[in-house]
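J.: build me a model:
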Amino acid sequence: MTDVINDLQGKSIAVYCASSSAVSEVYFEAARKLGGLIGRSGATLVYGGTNIGLMGEVADAVINAGGKACGVITVLLNQVGIAHPKLDELIVTDGMRERKAAMEQRADGFITLPGGYGTLEEIFEILTLKQLGILQKPVVLLNTNNYYSPLLELLQNAADQHFMKPANLSLLKVVNTPEEALDYIANYVAGPYEPKWVLPRASQSKAGEVPGLE
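T.: Next up is the predicted model:
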């Protein structure tokens, strides 16, 4: 992982991951490794603000490595009492939409660890924004223990059946280790934007034109 620490200095990295504490140790190991690397890199962690599950593990590792952690949590979840008590900053939002928007605005890149509904919603919203050209930031999926392999097969199937362009699969960088995830973000260069729309065959002769859009 060449020069990653210098290249990430001063950046903010959003991490999406599970709040469950019942998952296998292999996922906690990856979360700890990622958090430690972020903490030592000089980057700031931006995450969901809790002290439970993989979320808490990543934050603890960042803090223990001397790094900074910013949590973004809703009023409701904050009232439950699961906010991390040792964060450098805790942002409390009215709801989930505001929470996701705050994380998106603060982050220079996004890493997704294994998780459930909430994690999937977060990463797919970011991918949709990137697909639309609204943001051009690095988006990484950490496929620990092949957790996301069935999802990747589904996405490939979506491209194969023309529900999205094959080129849009590259909007998401899939890696197997935390080191690869941070190396990708540190060296990321945004490519040219390709419109997301898969046009009817009759319209494909005029590349880039989308009926009804100016």
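
J.: list the buried residues of the top helix by length along the chain.
T.: Counting residues, the longest helix found in the chain (DSSP state H) is helix 25-41. Residues of helix 25-41 classed as buried by neighbour count (16 or more other C-beta atoms under 10 Å): 27-28, 30-41. Where you see a C-beta, it was placed from the backbone N, CA and C, and this is true even at glycine.

J.: and what of stretch 56-74?
T.: The neighbour-count check on stretch 56-74 (16+ other C-beta under 10 Å) flags 56-63, 67-74 as buried.

J.: so which of these belong to strands?
T.: 68, 69, 70, 71, 72, 73, 74 (DSSP state E).

J.: of the residues you listed, which pair is most distant in space?
T.: Within those, two members stand farthest from each other by C-beta to C-beta: 68 and 74, at 21.5 Å.

J.: lowest-confidence helix or strand of the chain?
T.: Least confident helix or strand of the chain, by mean pLDDT, DSSP states H and E, is helix 4-8 with a mean of 74.

J.: what element comes up after it heading to the C-terminus?
T.: Later in the chain than helix 4-8, the nearest helix or strand by DSSP states H and E is strand 12-16.

J.: tell me what angle that next one forms with strand 68-74.
T.: Put simply, strand 12-16 runs at 50 degrees to strand 68-74, going by axes from the mean of the first three to the mean of the last three C-alpha atoms, to 10 degrees.

J.: can you show me the strands along the protein?
T.: So, for the chain - with DSSP E - the strands run 12-16, 44-47, 68-74, 89-93, 109-112, 139-142, 173-175.

J.: what lines up beside the first one in the sheet?
T.: Spelled out, it's strand 12-16. According to DSSP bridges, strand 12-16 has the following sheet partners: strand 44-47 (parallel), strand 109-112 (parallel).

J.: of those strands, which is nearest residue 91?
T.: Nearest of the strands paired with strand 12-16 (C-beta to C-beta): strand 44-47, 9.2 Å.

J.: around residue 184, how many other residues sit close by?
T.: Using other C-beta atoms under 10 Å, residue 184 is surrounded by 18 other residues.

J.: kindly apply the preceding question to residue 80 instead.
T.: By other C-beta under 10 Å, 11 other residues sit near residue 80.

J.: how near is it to residue 58?
T.: 19 Å (C-beta to C-beta, to the nearest Å).

J.: same deal with residue 74?
T.: 19 Å.

J.: repeat for residue 119
T.: Distance from residue 119 to residue 58, by C-beta to C-beta: 12 Å.

J.: any common contacting residues for these two?
T.: Common contacts of residue 119 and residue 58 (C-beta atoms under 8 Å, 6 or more residues apart in numbering): 17, 113.
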